[in-house]
Structures are given as C-alpha cells and as structure tokens.
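**Student:** give me coordinates for this.
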Amino acid sequence: MNKKAIGSLVAASMLLGSLSGCSLLGGGKDAEAISEAADSFISNVVAGKADKAVKSVQDSDEAFLEAGDFGGNEDIAEALLGSAEYEIDSVEGKAKDEEGSADIVFTWADLDTIVEDGMTKDELIEALKDPEETTEESFTLELVYDDEEWFVSSDSAVDFMEFLADQVADVEVGGLSEEAALAAVDEFVGYLNAGDMDSALAMSVNDDLASNIEEDGGDPEIIIPALGEVYKAYFTQVDYESSVIDSSEDSVTVQLTGTAPYFLDDLDAAISDVDTLAPLYAPIFGAYINGASEDDLDPNDTYLAFIDILSDTINGASSTTNYNCTVVVTADEDGNLLVDPDDDFFSVDSAWSFEVDDSIEDELVIACLDILLADGTITQSDYDMYAAMYGGSTVAPATTEGISATYTEGTNFWTFSYDVKADYLEVTVRTYSYNTTGDIFEYDILIDGQPYCERAQYVIPGVSDDTIIMTLPFENGTLAEGTYEFILYDIGAGNTDVVCDAIITSGGVQGAPSTTTSVSGGDYPVETNVATGSAGTVDGDSSTDFLLGDFYSSSSFNSYNSSGTYTTSNSGIYFQILTWDYHNVGDTFYYGVYCNGVNVDGGTFTITDEYQDDDVFISYEPSALVAGDYTIIVYQANSTAEMCRAYAKVQ
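**Tutor:** Numbering: from 1, shown residues only. You can find the predicted model right below:
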C-alpha cells in the first residue's frame with residue numbers, strides 16, 4: 001500500500017471527529033507515554049498523514065507505507081474507518097525494558113452482515129456511513145524505547161497495515177444476475193426516455209460521445225443536452241419487451257423486441273428540401289466566402305440545426321417499424337452495471353451521416369446566396385460571382401467597365417476572379433484543395449495569343465492555403481486593348497492538368513488609383529476614405545497570413561475584449577493577430593489606425609521573441625482616447641500587402 005493509498009483511506013475531516021482515540025490506561029508515566037506514541041501513529045495513519053505517521057515509527061522506517069494487500073478495496077476501508085471508533089487498552093511496558101505494547105480496540109461496521117449479494121461498491125460504501133450492525137476487532141501494537149522516546153516498531157507498523165487490509169481484501173461486491181441485468185436495461189432506457197444523457201452515458205460501456213464531438217470541433221456541453229431531446233423523442237415511442245438470451249459469469253445478454261417510430265423516409269425528404277437546408281448551410285457558406293477557413297467555423301450551430309431537424313422528424317413520425325436489438329450487460333470492478341447496446345438499439349444512428357443530394361446542390365447554393373445577400377453577409381459582387389459558378393454561366397463578373405472575362409473550369413477548381421490594380425492586372429484562382437507552404441503551381445500568360453511567360457511559378461506562402469495569385473504589370477496606368485489568357489496548372493512542377501483557363505478582354509482600361517501612400521524608413525502605409533465596421537469584428541483573407549484576431553483590454557494582452565468596445569477613460573486599443581506562418585526575429589508588420597475613416601496613428605511591430613513568432617501585438621495608446629469608430633489595418637510581414645482589418649469603437 002503506497003502513500004497515496006494511505007491518503008485515500010480517510011479524509012482528516014471525517015476521521016478526527018469520529019475516531020475518538022479514547023484510552024483506558026494503566027498507571028504510570030511509561031504507560032501514558034506508550035499510549036501517546038501509539039495514538040499518534042494510529043490517528044495519523046487513518047487520517048492519511050503518512051509523513052507524520054512515519055515519525056512515530058522506529059528509525060522513521062517507511063516500509064509500512066507499502067504494506068497490506070487491500071484487493072483494490074481502499075475506498076471500502078476508508079468508509080469502514082469513517083464510522084469507526086477506537087480505544088487504546090491494556091498498555092504495558094517500561095522504559096528500562098526498552099519495549100512495550102498497546103491494544104487498539106476498533107468498533108466498526110460488521111461487513112459480514114452488511115454485504116449482500118448483488119450489492120455494488122457504491123451501495124456498500126453508502127451503507128457503511130451509518131451501519132446497523134457493528135463488531136469489535138483488536139490489534140496489539142508493539143513499541144520500542146529508543147533515545148528516550150517511544151516508537152512503534154517497524155515490524156508492528158507493517159503488521160498493522162496488513163491488519164487493516166485483511167478487513168476488506170476479501171470483500172466482493174457487484175453480483176451480476178439476470179434479474180439485475182434486466183433492471184439495468186430498463187433503467188438505461190428510462191434515462192434515454194427522459195433525455196437524461198449524463199445518467200445514460202454513465203451506464204454506457206463506450207462513453208466516447210464527448211470525445212467524438214470534440215474531434216469534430218463541437219462543444220459537448222452544448223451538443224450532448226440537445227442530443228438528449230433526440231433520444232427522448234425516439235425512446236418515448238419505443239414499446240418493447242425484454243428477455244435474457246445468454247448468461248455467463250461475466251455478462252448477461254438481454255434481447256429487446258417490440259416497435260419503434262419509423263422516420264427515415266421523412267428525414268430523407270427533409271434533407272433533400274432546399275428550404276429546410278438553406279438556413280443551415282448559409283452561415284457556413286457565408287463565412288467561407290468572407291475568407292474563413294474550415295478551422296475558423298463553429299460547428300455547434302450546424303450540429304444544433306441538424307439535431308432540431310432530426311428531433312422534429314422523429315416527433316412527427318406517423319408509423320412504426322419492428323424493433324429488435326440486444327444489450328450486453330457487464331459489471332465494472334466496483335460492481336456497477338454497464339450496458340453495451342448493439343447497432344440496432346439506436347435506430348437514430350443511421351441518420352447521423354448524410355450527404356446532400358447532388359441534384360439540389362446548385363439550387364441550394366443559390367438559396368444560400370439569396371439569404372446571405374439579404375442579410376448583408378455578402379456583397380452583390382460576391383453574389384454574382386458564386387451565382388455564375390452554380391448557375392451554369394462561365395462569365396466572370398467585371399471589375400471595371402471596358403473589360404470582361406470568360407473562363408473554363410478544370411481539375412481542382414473552385415473560384416476565379418480578377419482585378420485591375422493601379423499598374424498591374426491581378427488574377428486570383430482558388431483551388432478545391434487546401435495547399436501547404438512550398439507547394440508550387442505553374443502558369444502561362446499569353447497576350448493576344450503570344451506567350452508572355454511560360455511555366456511561371458507561384459509558391460504557396462502559408463499552410464491551409466487555397467489561393468493562387470497571378471499578376472501582369474502594365475505601363476502608363478493602362479491595360480492596353482487586347483486579350484490576356486491565363487492558364488493555371490495543378491499542383492506540382494511539370495503538371496499538365498489545367499485548373500483554370502481564363503481569357504480577359506480589355507478595351508484599354510485605366511488602372512485603379514492607389515489609395516495607399518508609399519512606405520519608407522519607419523513610416524507606414526496611409527490610406528484614404530477608410531471604411532468603418534462592426535466593433536469587435538475582423539476582416540481577414542484566408543489567402544493571406546491572417547489566422548485569428550482578437551481585441552484585448554490592456555497592453556498585457558491577458559484579458560479579452562470580445563466586443564471591441566472601449567471608453568474614453570481606457571488607456572488604449574489593443575489588438576492581437578495570430579498568423580498562419582511562423583516568422584523570423586526581425587520580421588516587421590506595418591499597421592495604421594483610423595478614427596472615423598481618418599488616419600490618426602500607425603507604425604510597425606517587429607518580431608523579437610522566437611517563441612512568439614506567430615503573434616503580432618498592436619497597441620494604440622494616445623494621450624487620450626477620442627470617441628469614434630476605429631479601423632486598424634495590418635499588413636503582411638515585410639510588405640504593404642494588406643493582411644486584415646479590425647474594427648473597434650470608443651464611446
């Protein structure tokens with residue numbers, strides 16, 4: 001028995017009050033000293049104070065700490081001692097003889113009369129708190145006189161621990177009977193009938209639901225109670241009879257037969273209905289359009305939306321089907337009965353995995369776009385681009401009057417777009433795959449059918465990146481009249497599979513004027529007419545280095561300010577970015593701060609700590625905060641290419 005086992009025997013608060021330590025002593029100073037030494041040892045052992053108990057043993061010998069085979073019943077020993085009393089009796093010995101003894105008389109629960117067949121360990125421990133029958137057990141503790149003090153002999157300390165272990169080592173609890181197994185199955189179904197998932201999972205052999213939900217990114221504390229409503233809807237409609245079909249020393253197999261609600265056809269209809277699915281998928285689609293990656297999405301809302309559909313479908317079931325399953329009942333080491341249903345026990349299991357019918361995919365996307373445009377999640381240009389993709393058109397939305405584009409989709413294609421910048425044409429293709437740092441995509445550019453470049457390379461800068469950007473510079477601020485063909489090949493040098501073949505036709509359009517000043521030395525980009533946004537939100541493109549962004553309450557960056565709202569009495573505005581990439585010490589990030597669209601501050605943040613090489617900390621601390629709507633623009637490392645915009649409010 002180790003120190004931890006001794007510590008678990010009894011909490012001090014339980015024992016010191018109930019174990020009275022009364023003594024019936026003989027006379028003399030030796031008897032009194034022997035009694036005190038014995039009491040010190042006994043009280044500290046049962047109180048779990050191993051270090052103090054060791055001091056009462058000759059030579060501070062710790063061998064007794066490992067003594068005694070409790071047979072895994074330390075918690076029963078704890079409960080036994082918890083309601084016990086002891087007396088110290090028949091003290092003998094003299095200092096001149098250097099040895100003595102004390103009889104320890106325990107009055108505790110009579111386990112022989114309390115333990116019943118089929119009783120679980122928890123039930124036994126509960127019964128030991130207030131035992132109806134008690135018995136007495138005595139142990140003679142041997143002591144030695146050494147260096148003018150009395151100590152418990154090392155051998156006697158070991159013997160005492162073995163004496164305690166002998167009281168509980170042979171106690172067996174948890175009898176698995178056929179009657180108990182039938183009752184356990186009824187109890188389990190009863191919990192599900194009531195939607196009590198905690199109790200049902202506590203009886204389950206495979207209690208891995210929470211970990212499965214976490215692996216999918218969900219929150220078990222949110223999802224599991226909602227699942228209770230699904231099982232409640234189902235099992236309140238299950239009518240069954242149970243019988244034992246197999247029994248052994250280790251397990252009992254119970255068969256359930258009867259009827260259960262039939263709902264799968266109705267569920268198939270529900271998940272093929274665009275009006276039902278569009279509200280479920282629209283938030284996901286909207287987040288993706290606005291640059292979120294799969295890791296940024298919160299799956300809890302999706303879980304709950306589908307759970308609602310499933311619950312409604314089961315509750316509305318108008319017919320039944322045959323119900324036939326088996327449940328294997330076993331007992332754990334404490335005698336608690338556990339159930340292990342087969343795959344037919346939960347007929348709802350077959351409903352958890354489903355795929356949207358391909359025939360409604362385009363219609364569903366358009367319905368999602370309608371919702372997102374109406375609630376302001378996406379812009380009209382976003383709508384037009386994706387509607388064209390799923391409406392059969394291959395005409396890309398124009399970015400500037402006097403220019404148009406068509407494209408042909410190939411392998412691994414997701415989206416195509418283009419933009420006329422101040423002095424270059426930028427073409428962006430997003431792949432279906434998420435790519436990683438260092439992946440190579442090659443492309444050709446032809447001007448009026450003649451090669452401008454062949455097999456130019458775009459190297460993916462970050463992980464989980466699906467964006468390839470191709471640029472074509474032009475002079476004098478004008479993209480000359482003509483046709484410009486961009487052919488992008490799939491991942492890997494030399495790959496001949498085409499992702500996208502786009503032809504852009506220009507009528508001689510002017511480049512868009514730049515809204516950003518140049519950067520030199522310690523300056524930072526300054527933009528004009530900067531838009532404000534909803535406080536606490538961050539616009540970050542997943543094609544850049546941006547991963548996550550949060551506002552904080554102070555420069556210590558240890559307290560979130562999720563609303564992004566400050567007052568004029570605050571010291572400043574504090575914003576942190578977590579980047580996709582890990583950066584080198586010395587890498588610099590420009591940023592600008594704008595109040596109501598006007599630049600008020602800016603500067604640079606430089607990576608100085610190799611252990612915080614993906615953290616960017618922005619602190620705006622003026623002499624006094626001015627009320628208004630604030631926009632913080634942060635640029636990518638060592639670049640004036642924008643990474644993200646964050647919005648805050650001071651009031």
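**Student:** every contact and neighbour count from this point should use C-alpha atoms.
**Tutor:** Noted.
**Student:** look up the closest residue to the spatially most central residue of the chain, ignoring the ones flanking it.
**Tutor:** Nearest to the mean C-alpha position of the chain, counting by C-alpha atoms, centre = their mean, stands residue 214 at 4.6 Å. Residue nearest to residue 214 in three dimensions, not counting chain neighbours: residue 220, with 6.7 Å by C-alpha to C-alpha, 6 or more residues apart in numbering.
**Student:** surely the one you found and residue 226 touch.
**Tutor:** No - applying C-alpha atoms under 8 Å, one finds residue 220 not in contact with residue 226, separated by 9.6 Å.
**Student:** helix or strand: which one has the nearest residue to residue 115 once chain neighbours are set aside?
**Tutor:** Here the nearest residue to residue 115 in space, its sequence neighbours aside, is residue 124; by C-alpha to C-alpha, 6+ apart that works out to 6.7 Å. Using DSSP states H and E, the element containing residue 124 is helix 121-128.
**Student:** what's downstream of that helix, the next helix or strand?
**Tutor:** strand 134-146.
**Student:** check which helices and strands that next one sits against.
**Tutor:** Packing contacts for strand 134-146, counted by 3 or more C-alpha pairs under 8 Å, 6 or more residues apart in numbering; DSSP states H and E, involve helix 29-46, strand 99-109, strand 149-152, helix 154-168.
**Student:** which residue of the protein sits farthest from its center?
**Tutor:** residue 96 (67.8 Å).
**Student:** and it, helix, strand or coil?
**Tutor:** Assigned by DSSP: H, G, I helix; E, B strand; the rest coil, the conformation of residue 96 is helix.
**Student:** now do the contacts for it.
**Tutor:** Going by C-alpha atoms under 8 Å, 6 or more residues apart in numbering, residue 96 touches no other residue.
**Student:** and stretch 241-248, what's buried?
**Tutor:** 242, 244, 247 (16 or more other C-alpha atoms under 10 Å).
**Student:** how about the residue nearest to residue 214, phi and psi?
**Tutor:** Phi and psi for residue 220, reported as degrees, to the nearest 10, are phi -60, psi -30.
**Student:** burial measure for it, as a count.
**Tutor:** 17 (other C-alpha atoms under 10 Å).
**Student:** ok so, going back, hang on, the residue nearest to the centre of the chain in a strand?
**Tutor:** No - assignment of residue 214 by three-state DSSP gives helix, placing it outside any strand.
**Student:** residues contacting residue 136?
**Tutor:** 105, 106, 107, 108.
**Student:** CSV for those residues, including distance to residue 84?
**Tutor:** Below are those laid out as CSV (distance: C-alpha to C-alpha, whole Å):
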residue, distance to residue 84
105, 10
106, 7
107, 6
108, 4
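**Student:** so residue 242, which of the three states?
**Tutor:** Of the three states, residue 242 takes strand according to three-state DSSP.
**Student:** quick check: closest non-adjacent residue to it.
**Tutor:** Excluding the flanking residues, the one nearest residue 242 by C-alpha to C-alpha, 6+ apart is residue 256, at 4.6 Å.
**Student:** what helix or strand is that neighbour on?
**Tutor:** Using DSSP H and E, residue 256 falls within strand 252-262.
**Student:** report all helices and strands that that strand contacts.
**Tutor:** Here strand 252-262 touches helix 178-193, helix 220-235, strand 239-247, strand 319-331, going by 3+ C-alpha pairs under 8 Å, 6+ apart.
**Student:** just say which of the helices and strands packed on strand 134-146 is most tucked in.
**Tutor:** Each of those was scored by mean neighbour count; the highest is strand 149-152, a mean of 24, by mean count of other C-alpha atoms under 10 Å.
**Student:** and it, what other elements does it pack with?
**Tutor:** Packing partners of strand 149-152 (3+ C-alpha pairs under 8 Å, 6+ apart): helix 29-46, strand 134-146.
**Student:** what pLDDT, on average, does the helix or strand harbouring residue 504 get?
**Tutor:** Using DSSP H and E, residue 504 maps to strand 498-506. Computed over strand 498-506, the mean pLDDT rounds to 92.
**Student:** and the helix or strand just after it, what does it pack onto?
**Tutor:** On the C-terminal side of strand 498-506, the closest following helix or strand by DSSP H and E is strand 509-510. With contacts taken as 3+ C-alpha pairs under 8 Å, 6+ apart, strand 509-510 sits against strand 478-479.
**Student:** could you check the angle the following helix or strand past the strand it packs on makes with strand 498-506?
**Tutor:** Downstream of strand 478-479, the first helix or strand assigned by DSSP H and E is strand 482-489. Following axes from the mean of the first three to the mean of the last three C-alpha atoms, to 10 degrees, one obtains 170 degrees for the angle between strand 482-489 and strand 498-506.
**Student:** circling back to that earlier point, so how far is residue 233 from the residue nearest to residue 214?
**Tutor:** Residue 220 sits 20 Å away from residue 233, taking C-alpha to C-alpha, to the nearest Å as the criterion.
**Student:** from what I can see residue 539 touches residue 645, true?
**Tutor:** Yes - the criterion here is C-alpha under 8 Å, and residue 539 meets it with residue 645 at 5.1 Å.
**Student:** the two: which is more packed in?
**Tutor:** residue 645 (22 against 18).
**Student:** for the more buried one, list each beta-bridge partner.
**Tutor:** residue 539, residue 633 (DSSP bridges).
**Student:** check whether it really touches residue 633, as I assumed.
**Tutor:** Yes - look at residue 645 against residue 633 with C-alpha under 8 Å: they come within range, at 4.6 Å.
**Student:** in stretch 56-71, which residues are buried?
**Tutor:** Residues 56, 57, 58, 60, 61, 62, 64, 65, 67, 68, 69, 70 are the ones in stretch 56-71 that count as buried (16+ other C-alpha under 10 Å).
**Student:** next, the distance between the ends of it.
**Tutor:** 27 Å.
**Student:** what's it in contact with?
**Tutor:** By C-alpha under 8 Å, 6+ apart, the residues outside stretch 56-71 that reach it are 1-3, 6, 37-38, 40-41, 50, 54, 144, 146, 151-154, 157-159, 161-166, 168-170.
**Student:** if you average pLDDT over that stretch, what comes out?
**Tutor:** For stretch 56-71, the mean per-residue pLDDT is 88.
**Student:** also stretch 558-566?
**Tutor:** What stretch 558-566 shows for mean pLDDT is 87.
**Student:** so which bits of it are buried?
**Tutor:** Buried residues in stretch 558-566 (16+ other C-alpha under 10 Å): 561, 563, 564, 565, 566.
**Student:** which one is the last one nearest to, not counting chain neighbours?
**Tutor:** Think residue 566. Closest residue to residue 566 apart from its sequence neighbours, by C-alpha to C-alpha, 6+ apart: residue 650 at 4.6 Å.
**Student:** and the pLDDT at that neighbour?
**Tutor:** Residue 650 is given a pLDDT of 91.
**Student:** just checking, it touches residue 631?
**Tutor:** No - using C-alpha under 8 Å, residue 650 makes no contact with residue 631, being 11.1 Å away.
**Student:** have a look at those two and say which one is more surrounded.
**Tutor:** The neighbour comparison of residue 650 against residue 631 (other C-alpha under 10 Å) goes to residue 631, with 26 against 20.
**Student:** for the helix or strand hosting that one, packing partners?
**Tutor:** For residue 631, the enclosing helix or strand under DSSP H and E is strand 628-635. For strand 628-635, the elements it packs on are strand 588-595, strand 642-650, judged by 3+ C-alpha pairs under 8 Å, 6+ apart.
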